[in-house]
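Enquirer: Here is a sequence together with a model predicted from it:
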Amino acid sequence: MRTIAIINQKGGCGKTTCSINLAASLAAKGKRTLLVDMDPQSHCAMGLAVPDAQIEKSIADMLRVGLDGSLAMSEVTWQIARNLDLAPSSITLAGMEAQLSTAPDKDRRLAQVISTVQDQYDFCIVDCPPSIGLLTFNALRAADEVLIPVETGFFSMQGAVRQQQTIQMLARRAGHHVRFKVLATMYDVRTKLAREILSELKRHFGDELLPIVINFNSKLKEAASFGQPITEYDAASRGMQDFERLTEWLMANPPEPATTMMPQHEPQEAVMAGTVGNPAMSRAAELVERARALSNRTAELSSRLASDQDARAEGFTSPAPPKPIEQPQEPEVPTPPDSFEKKLAGLFGARNTAQGLLFIQPNGKAANLAIAGDFNGWNPATTQLKRDESLGVWQTCVTVPPGRYRYRLVVDGQWVQDPYNSYVESNPFGELNNIVVVQ
């Protein structure tokens, strides 16, 4: 799924008009499209004739619950037309920044929730609020590319330059490099001022200015007032032609995959991992550090099992649940015998069995463990691990046809890499998916 965020902290530049009509144009070309409204004013619902009183669940609810499995995107979305769904906003979204401010994944909630439907859509269009805050930051982290609509009016030029600088600064903070494109909107070729501003935009932004302009067209405003996208209101209008050209250009010019950079200001998880202040510690290194810490705890568990004669005699079939271990600042990791290392490697992670694909994780402090992957539509609510107190592990078995599958662990709502499966590949979020092959 390709995610495009429509961002500008200046109001009245055509963000919502662009979001609605770009999404509708993509849908008209057969692309399964999800339109996500991140603006508390809920103008996307208004512009698509979705009654505000009938919106029981909104994207605000999805952001609040995250990946705890209590709410699915299908419970939030409205089918607007063939291939076009809307995840509407609500006024409660205005309070989400305060609610998420202390969450460790506060800037990744949107990326997490839309990842659960990434196989159901070809495009995701995110309409952002006219401000730079946590909601816009979430959209930026989730996006593969950013469109900045710029009105060709008197105050637009200086605002566009500042907007570009602000979003690039946010991208550096997030460590998430995406393609930025400026889109000239409300262009009136009849006025000298509009022509001069467009020329200045070309001079300043160069290739970052899209070769498409959205001309001033009254039909676009009329369509919004009737609660219809331009594709339905007037398919022969100039506004429709402009969005059709924009859609064709975007489809013909996909961005390179988003890459991860070193964040300018480390996120909270980096602070927790102890990587702050180390410029050489990249996101990938942070993931490795987490896996190393988990491996250290596993080594201590195996050491306890090695000293337990009963467990040794039973062939490692019924180990007692490990007692809580106080981690020293510089843990001294014991080296367990090879036989127990092999048994641990064979016990934890994912493996094929006669009954199906078996997932086993050690019994830790987590209250809930789940698996999200290709085989369940990346929906952790459908594949929960059960705690087996007698064995001291979490486990579940899934029946899937032969093939190659990607998956991630979901630990108390947090998506993490399985440290007991070394077969991995990077994903669009700059993290690592685990791979398992079912024969």
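Expert: Received the coordinates, thanks. Model, not experiment: these values are computed from the prediction. Numbers count the residues shown, from 1 in each chain.
Enquirer: Which of the helices or strands spans the residue nearest in space to the middle of the chain?
Expert: For the chain, the residue nearest the mean C-alpha position is Ala111 (1.5 Å; CA atoms, centre = their mean). Assessed by DSSP states H and E, Ala111 sits inside helix 109-115.
Enquirer: which outside residues touch that helix?
Expert: With contact meaning CB atoms under 8 Å, 6 or more residues apart in numbering, helix 109-115 is reached by 1, 3, 34, 36, 38, 59, 62-63, 66-67, 73, 100, 103, 105, 124, 126, 138-139, 141-142, 378, 415, 429. Any C-beta I mention is one placed from the backbone N, CA and C, and that applies to glycine too.
Enquirer: Of these, which belong to strands?
Expert: When DSSP state E is applied, those are split such that Thr3, Leu34, Val36, Cys124, Val126, Trp415 fall in strands.
Enquirer: What's the mean pLDDT across stretch 368-382?
Expert: What stretch 368-382 shows for mean pLDDT is 90.
Enquirer: And it, end to end?
Expert: Distance across stretch 368-382, first residue to last, is 13 Å (CA to CA, to the nearest Å).
Enquirer: Sort out which residues of it are buried, please.
Expert: Neighbour-count burial for stretch 368-382 flags Leu369, Ala370, Ile371, Ala372, Gly373, Asp374, Phe375, Asn376, Trp378, Asn379, Pro380, Ala381 (criterion: 16 or more other CB atoms under 10 Å).
Enquirer: Between which two of these is the distance greatest?
Expert: Leu369 and Asp374 (18.5 Å; CB to CB).
Enquirer: Can you list phi and psi of the residue nearest to Thr353 when sequence neighbours are not counted for me?
Expert: What sits nearest to Thr353 in space, not counting adjacent residues and going by CB to CB, 6 or more residues apart in numbering, is Cys397, at 6.9 Å. Cys397 adopts backbone torsions of phi -130, psi 130, taken as degrees, to the nearest 10.
Enquirer: With secondary structure and distance to Pro211 as new columns, can the buried residues of stretch 368-382 be given to me in a markdown table?
Expert: What follows is the buried residues of stretch 368-382, written out as a markdown table (DSSP: H, G, I helix; E, B strand; the rest coil; distance: CB to CB, whole Å):
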| residue | secondary structure | distance to Pro211 |
| --- | --- | --- |
| Leu369 | strand | 49 |
| Ala370 | strand | 45 |
| Ile371 | strand | 44 |
| Ala372 | strand | 39 |
| Gly373 | strand | 40 |
| Asp374 | helix | 37 |
| Phe375 | helix | 42 |
| Asn376 | helix | 42 |
| Trp378 | coil | 35 |
| Asn379 | coil | 39 |
| Pro380 | helix | 42 |
| Ala381 | helix | 44 |
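Enquirer: contacting residues for Asp122?
Expert: Contact partners of Asp122, counting by CB under 8 Å, 6+ apart, are Met1, Arg2, Leu26, Lys31, Arg32, Thr33.
Enquirer: Between those, which sits nearest Pro51?
Expert: Using CB to CB, the contacts of Asp122 come closest to Pro51 at Thr33, 21.5 Å.
Enquirer: Run a quick check on that closest one versus Cys124, I expect a contact.
Expert: Yes: in this structure Thr33 lies within contact range of Cys124 using CB atoms under 8 Å: 7.4 Å.
Enquirer: so Thr396 is in which element?
Expert: Per DSSP H and E: strand 393-398 holds Thr396.
Enquirer: Poorly predicted segments of the stretch 151-300 of the chain, please.
Expert: Applying pLDDT under 70 to the stretch 151-300 of the chain flags the ranges 154-163, 170-171, 174, 257-300.
Enquirer: roughly how far apart are the nearest residue to Gln9 once chain neighbours are set aside and Ala139?
Expert: Leaving out its chain neighbours, the residue that sits closest to Gln9 by CB to CB, 6+ apart is Ile132, at 5.0 Å. Using CB to CB, to the nearest Å, one gets 11 Å for the distance from Ile132 to Ala139.
Enquirer: And Tyr405, what's its pLDDT?
Expert: Model confidence at Tyr405 (pLDDT) stands at 90.
Enquirer: just Ile80 next, same as before
Expert: 93.
Enquirer: ok, now which ones touch it?
Expert: For Ile80, the contacting residues are Ala24, Leu35, Leu48, Val50, Leu86, Pro229, by CB under 8 Å, 6+ apart.
Enquirer: Try it again at 7 Å.
Expert: Residues near Ile80 by CB atoms under 7 Å, 6 or more residues apart in numbering: Leu48, Leu86.
Enquirer: just Glu244 next, same as before
Expert: Ser25 are the contacts of Glu244 under CB under 7 Å, 6+ apart.
Enquirer: and it, what helix or strand is that in?
Expert: Remark: Glu244 resides in helix 238-252, with elements defined by DSSP H and E.
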